[in-house]
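J.: Here is the input, now give the coordinates:
(chains A, B and C)
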Amino acid sequence: MTDKATRHLLDIDSLDSDTVQSLLNRAGALAAGSAPSHLDMTVANLFFEPSTRTRVSFELAAQRLGMRVINIELDRSSSTKGESLTDTAATLAAMGVDCIVLRHPETGRCHKLASEVPAGLSLLNAGDGRGHHPSQALLDAATIAALGMSWSALDLSIVGDIRHSRVARSGLQLFRRLGIGRLRAAGPPDMMPDDMDLAGVEVCTTLDEALEDANAVMMLRIQRERMDKTGWPDSKHYHQEWGLTEARLASAAPGCRVLHPGPINRGVEIAADVADGPRSLILKQVRMGVFMRMAILEWLAGRHQAN
Amino acid sequence: MTDKATRHLLDIDSLDSDTVQSLLNRAGALAAGSAPSHLDMTVANLFFEPSTRTRVSFELAAQRLGMRVINIELDRSSSTKGESLTDTAATLAAMGVDCIVLRHPETGRCHKLASEVPAGLSLLNAGDGRGHHPSQALLDAATIAALGMSWSALDLSIVGDIRHSRVARSGLQLFRRLGIGRLRAAGPPDMMPDDMDLAGVEVCTTLDEALEDANAVMMLRIQRERMDKTGWPDSKHYHQEWGLTEARLASAAPGCRVLHPGPINRGVEIAADVADGPRSLILKQVRMGVFMRMAILEWLAGRHQAN
Amino acid sequence: MTDKATRHLLDIDSLDSDTVQSLLNRAGALAAGSAPSHLDMTVANLFFEPSTRTRVSFELAAQRLGMRVINIELDRSSSTKGESLTDTAATLAAMGVDCIVLRHPETGRCHKLASEVPAGLSLLNAGDGRGHHPSQALLDAATIAALGMSWSALDLSIVGDIRHSRVARSGLQLFRRLGIGRLRAAGPPDMMPDDMDLAGVEVCTTLDEALEDANAVMMLRIQRERMDKTGWPDSKHYHQEWGLTEARLASAAPGCRVLHPGPINRGVEIAADVADGPRSLILKQVRMGVFMRMAILEWLAGRHQAN
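T.: Prediction:
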């Protein structure tokens, strides 16, 4: 399609810093009212896990850029006929699809696919197993950036099932890249990672330890399905130990902000009054999500690149 | 979004009469070829019950207004992850959705949601349990209005499972409001309501009684599922007692018209030759449905309001 | 809608030869960059069998023509409420749908529907049971035509489960119509047809016999579901007897091209290296599929007709 290499968004670490900054700037500008590009292109949302929230966010982003959108969900995909994902991607490219937004339960599947797809087809990793979810990390950072806080002043704690969380993995990579002031990760022992790079991250073993003086805290969604399997007591006990409440936030910095990638489990990892309260950035994250996905789609299309 | 209150369409009774008249006029004008508005807005069809017919009608209406449309159906919704409808609605609003068309199995769910959603997000009740289905009533009235009949000359009977029918409830409210000449409701004892306002409605206990001299009859869809449960004999017996046939229509007024909200059960509540015959307004209702939904979406968006 | 009869695409034999030629020419022109028509019309993809591949091809074709597209798939259709397909089609027509693309498991269902739908509603048979799949045959022919080969020079073998294949049936009809030089059909005895017109077709009983001197071979997809039922050994044995490999292609003409309607079963009816190799036209077929479907939709709409 172009003489430049086809762009993909697979994870945070493979983005150069100019691109990261450019995406943050562009999402912020779009959120502030800048006119979006018009892209005469086609994007396919190819979801092997259900996620209305993420699918709709990408669909709205693409629509606002004037893109044609095709939705393909697992239970009705040709995968039921045994076709491989590689063949599905090559088929979509042959049909004129310019970008695939892929959600897949298998860790690393999007990276693997990137080595197999024809030139000209961009991949956007919308979550792969326990792997990466770079658009979530970028929208989280853009949400914080919109508050006007400098990265060096940010003291963020990520709390919950770090081990299984692609949101945490991508977030840790991004916030370290941005030069965050202080970064903590906390969760019950079974939910702490054994294969994640935690250099520069302070690991905490209690919620109170993680909250002390923090000016931002990101609560991760607890997968109820997983909870049943691992023998973790139950939602109620989780909430007692690890649920974010107004009372526990007393030890955080004044004005500490609360993030959550959604969908939230009220009364499990986060109390309803915190989620709905003035500290909460949750709906701002959702709103910024559409603008960040627009910025990413523009960048994949070769618009608004760094420099 | 505006300084006026956000508009919702929850039920007929909460519409003022000028708005009712304005919607009927506008749908009629669109059906007659008036140019639709162009709405740079987004509508989400959020369906917790499957209904291809209603979903497609709203989708086509929105497309003809130039709106962006997102379809979300139950089995793939984030409800499988336990998120509440309230959170889903707030999330869609944050993503830039301007209007939610909601179909929900729980009676009153749309009204409840209206008290919870953020300003600027319009709700359109596309059927809630045994509650309301206002767009159906409005399209039925617009279909009759297009025949040029005055409301005072209309002698309408609604026949079938009145008790469980949101179509009947909304229809009864609307036709009384419009000053209908005579309004009857009929059905087997188990299907007559015990909690519906029937002031001004004549209750009939046989089909013949309901048909006598009527110049319009609306047959309600029998839910086969429900029939099995309630011990009602079977479709054949229902048809013998309550099915509309050409023979039974002999006692109605000459030229009596037949309505049905669809989808029809041929040979159960209505004989095939009646459904397909010259008295039938069924496909005219379907056609007017798209125009009425356009009129409603325009009204929710603040266009073509009453004065 | 017009004074001309409503057009349908039900099967190859009911197309006149000028139309066939016009469709091939138009698809080729679109593939070469001709500007598509803009059709202010609505198409509904009505699929009673899942087929992401075919649905997406039609959806992209319609989008590129500026058409509004509605997707309706079986498990969420009103068919669950017992409405007949005939009523569904009449309902869609009343809603303003101009064309239905129908995929149905019942052989002959699309032809039957064509005798029932109102004037002005076009039907496009996207596969009916063991019946027809005319758009596939047309895109196959257009793919071959784009190679610049004359029909009289074409020596094509169709290999596999001919008996159950609507792709084979439509292909056999089309290639004979076009005056193909030599046409062979081959497959295991249980998979050869007993009710298909094979006049002018050489029936072969081994793959080697079918491949000898052929300059094009079309491998049919093996339905694994069916294989289990019929007592056919298994995929491995099928591949040994009937799978296309580079080694077996040695007896074909130099430069013999390979077609497959997709999705492919790698290692069953076709070896991976053949599917991905330079002989393969598979992705060219996929690409041409979108252009052929655009040409067909234009023709159904009365554009670019034969003279």
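
J.: Check which element follows the worst-scoring helix or strand of chain A on mean pLDDT along the chain.
T.: Every helix and strand in chain A was compared by mean pLDDT, DSSP states H and E; the lowest is helix A:224-230, with a mean of 65. Downstream of helix A:224-230, the first helix or strand assigned by DSSP states H and E is helix A:235-242.

J.: any weak-confidence spans in the stretch 201-307 of chain A?
T.: Within the stretch 201-307 of chain A, the ranges that satisfy pLDDT under 70 run A:225-233, A:304-307.

J.: Smallest gap between it and chain C, at which residue?
T.: Ranked by C-beta to the nearest C-beta, the top residue of the stretch 201-307 of chain A for proximity to chain C is residue A:297, at 16.7 Å. C-beta: built from backbone N, CA, C; applies to glycine.

J.: Might one say that that residue is in contact with residue A:64?
T.: No: counting by C-beta atoms under 8 Å, residue A:297 does not reach residue A:64; the two are 9.5 Å apart.

J.: and these two? which has more neighbours close in?
T.: Neighbours were counted for residue A:297 and for residue A:64 using other C-beta atoms under 10 Å in any protein chain shown; residue A:297 has more, 28 against 20.

J.: so who does the more buried one touch?
T.: Going by C-beta atoms under 8 Å, 6 or more residues apart in numbering or on different chains, residue A:297 touches A:39, A:43, A:61, A:62, A:65, A:67, A:99, A:124.

J.: And for the fourth one, the neighbour number?
T.: Using other C-beta under 10 Å, the number of residues around residue A:62 comes to 26.

J.: State the three-state secondary structure for it.
T.: Of the three states, residue A:62 takes helix under DSSP: H, G, I helix; E, B strand; the rest coil.

J.: wait, it sits on residue A:69?
T.: Yes: between residue A:62 and residue A:69 there is a contact at 4.7 Å, judged by C-beta under 8 Å.

J.: what's the following helix or strand after the helix or strand in which residue A:258 is found?
T.: Here residue A:258 sits within strand A:257-259, counting by DSSP H and E. Moving toward the C-terminus from strand A:257-259, the next helix or strand (DSSP H and E) is helix A:272-275.

J.: so after that following helix, what's the next helix or strand?
T.: helix A:282-300.

J.: I'd like the distance from that next one to the chain centre, please.
T.: 10 Å (C-alpha atoms, centre = their mean, to the nearest Å).

J.: Chain B contacts on the stretch 51-200 of chain A?
T.: Within the stretch 51-200 of chain A, the positions lying close to chain B (C-beta under 8 Å from any C-beta of the partner chain) are A:51, A:52, A:53, A:56, A:57, A:59, A:60, A:63, A:64, A:73, A:75.

J.: what would these look like in CSV with pLDDT and secondary structure?
T.: Formatted as CSV, these follow (pLDDT from 0 to 100; DSSP: H, G, I helix; E, B strand; the rest coil):
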residue, pLDDT, secondary structure
A:51, 90, coil
A:52, 90, helix
A:53, 93, helix
A:56, 97, helix
A:57, 98, helix
A:59, 98, helix
A:60, 98, helix
A:63, 97, helix
A:64, 97, helix
A:73, 88, strand
A:75, 61, helix
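
J.: are any of the residues you listed buried, and which?
T.: For these, a neighbour count by 16 or more other C-beta atoms under 10 Å in any protein chain shown gives the buried set as A:51, A:52, A:53, A:56, A:57, A:59, A:60, A:63, A:64, A:73.

J.: how about the strands of the stretch 51-200 of chain A, start to end?
T.: A:68-73, A:99-104, A:122-128, A:155-159, A:182-186 (DSSP state E, counting those that start in this stretch).

J.: who touches whatever helix or strand comes next after the last one?
T.: It stands for strand A:182-186. Beyond strand A:182-186 on the C-terminal side, the first helix or strand identified by DSSP H and E is strand A:202-204. Contacting residues not belonging to strand A:202-204 are listed as A:157, A:182, A:183, A:184, A:185, A:186, A:192, A:210 [C-beta under 8 Å, 6+ apart].

J.: Mind doing that once more with 6 Å?
T.: A:184, A:185, A:186, A:210 (C-beta atoms under 6 Å, 6 or more residues apart in numbering or on different chains).

J.: start to end distance for stretch A:255-271?
T.: Start-to-end span of stretch A:255-271 (C-alpha to C-alpha, to the nearest Å) is 17 Å.

J.: what separates it from the chain centre, distance-wise?
T.: On C-alpha atoms, centre = their mean, the centre of stretch A:255-271 falls 15 Å from that of its chain.

J.: Ok, stretch A:15-27 next?
T.: Centroid displacement of stretch A:15-27 relative to its chain, using C-alpha atoms, centre = their mean, is 15 Å.

J.: again, but for stretch A:206-221
T.: 19 Å.

J.: what's next to it, contact-wise?
T.: Stretch A:206-221 is contacted from outside by A:155-161, A:165, A:184, A:186, A:204, A:242, A:244, A:251-253, A:256-260, A:269-270, using C-beta under 6 Å, 6+ apart.

J.: Taking these, please make a PyMOL selection of just the buried ones.
T.: Of the contacts of stretch A:206-221, the buried ones go into a single PyMOL selection, burial set by 16+ other C-beta under 10 Å:
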select buried, chain A and resi 155+156+157+158+159+160+161+165+184+186+204+242+244+252+256+257+258+259+260+269+270
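
J.: that older thread, using CSV, lay out the strands of the stretch 51-200 of chain A together with distance to residue C:237.
T.: Shown next, in CSV, are those (distance: least, C-beta to C-beta, whole Å):
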stretch, distance to residue C:237
strand A:68-73, 33
strand A:99-104, 33
strand A:122-128, 36
strand A:155-159, 54
strand A:182-186, 54
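
J.: who wins for proximity to residue A:29 among those strands?
T.: strand A:122-128 (20.1 Å; C-beta to C-beta).

J.: Could you list the low-confidence segments of the stretch 1-150 of chain A?
T.: A:1-4, A:74-82.

J.: could you pull out the helices for it?
T.: Per DSSP state H, counting those that start in this stretch, the stretch 1-150 of chain A carries helices over the ranges A:17-31, A:52-64, A:85-94, A:109-114, A:134-145.

J.: Now for the contacts of strand A:202-204: which two are most distant?
T.: Every pair of the contacts of strand A:202-204 checked by C-beta to C-beta; the farthest is A:185 and A:210, at 7.8 Å.

J.: would TSV of the helices of the stretch 1-150 of chain A with distance to residue A:279 be doable?
T.: Below are the helices of the stretch 1-150 of chain A laid out as TSV (distance: least, C-beta to C-beta, whole Å):
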stretch	distance to residue A:279
helix A:17-31	20
helix A:52-64	21
helix A:85-94	41
helix A:109-114	34
helix A:134-145	13
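
J.: Now the stretch 101-250 of chain A against chain C: closest residue?
T.: residue A:118 (8.3 Å).

J.: Is that residue in contact with residue A:91, as I believe?
T.: No: in this structure, residue A:118 is not within contact of residue A:91 by C-beta atoms under 6 Å, at 10.5 Å.

J.: So for these two, which sits in the more crowded spot?
T.: residue A:91 (25 against 12).

J.: who's in contact with residue A:245?
T.: So residue A:245 contacts residue A:271 (C-beta under 6 Å, 6+ apart).

J.: And residue A:167, by the same measure?
T.: Residue A:167 neighbours (C-beta under 6 Å, 6+ apart): A:133, A:136, A:261.

J.: again with residue A:242
T.: Residue A:242 touches residue A:207, counting by C-beta under 6 Å, 6+ apart.

J.: residues near residue A:280, how many?
T.: Residue A:280: 18 neighbours (other C-beta under 10 Å).

J.: Look up which residues are beta-bridged to the nearest residue to it once chain neighbours are set aside.
T.: The shortest distance from residue A:280 to any non-neighbouring residue, by C-beta to C-beta, 6 or more residues apart in numbering or on different chains, is to residue A:258 (5.0 Å). Beta-bridge partners recorded for residue A:258 (DSSP bridges): residue A:217, residue A:280.
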